[in-house]
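Colleague: Show me the folded form of this:
(one chain, ligands or ions: 1)
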Amino acid sequence: MKLFLNSKRCIACGLCVQQHPELFELDDQGIAHFKKNLENSSLELDSQEIKKLKPVINNCPGRAFKIERS
Ligand code: SF4
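Modeller: Below you'll find the model as predicted:
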């Protein structure tokens, strides 16, 4: 499964970074990006990892996350 993060929708609340600092980081403007590679807007994850991220995905106030099932 792929998790997409549309940083243009991010309202800089910091939730995803607080909950999963291993995956996300904020840029100078406080906007969230995937940590591993700032050029990427998606990350390949298994279903267990997606499950762990569900609270953040569902509670992101900017609705910046999208899951694509493969
Ligand atoms: S939870 Fe959503 S709005 Fe908040 S920092 Fe992360 S991507 Fe941005």
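Colleague: tell me the SS of C16?
Modeller: Classification of C16 using DSSP: H, G, I helix; E, B strand; the rest coil returns helix.
Colleague: Look up how far R9 lies from it.
Modeller: Distance of C16 to R9, given as CB to CB, to the nearest Å: 12 Å. (Glycine included, C-beta is placed from N, CA and C.)
Colleague: which of the two has more neighbours?
Modeller: Using other CB atoms under 10 Å, the more surrounded residue of C16 and R9 is C16, with 26 against 15.
Colleague: Just the pLDDT for the more buried one.
Modeller: pLDDT, C16: 97.
Colleague: Contact partners for it?
Modeller: 23-24, 32, 56, 60, 65 (CB atoms under 8 Å, 6 or more residues apart in numbering).
Colleague: Now rank the residues you listed by neighbours and give me the top one.
Modeller: A32 (27 neighbours).
Colleague: thought that residue was touching V17?
Modeller: Yes. A32 is within contact range of V17, at 6.0 Å (criterion: CB atoms under 8 Å).
Colleague: counting residues per helix, which one in the chain is longest?
Modeller: Determined from DSSP state H, the single longest helix within the chain is helix 47-59.
Colleague: pLDDT averaged over that one, what's the number?
Modeller: Mean per-residue pLDDT for helix 47-59: 96.
Colleague: quick one: that helix to chain centroid distance?
Modeller: With CA atoms, centre = their mean, to the nearest Å as the basis, helix 47-59 stands 9 Å off its chain's centre.
Colleague: Any buried residues in it, and which?
Modeller: 53, 56-57 (16 or more other CB atoms under 10 Å).
Colleague: do stretch 21-37 as well
Modeller: Within stretch 21-37, the residues scored as buried using 16+ other CB under 10 Å are 23-24, 26, 31-35.
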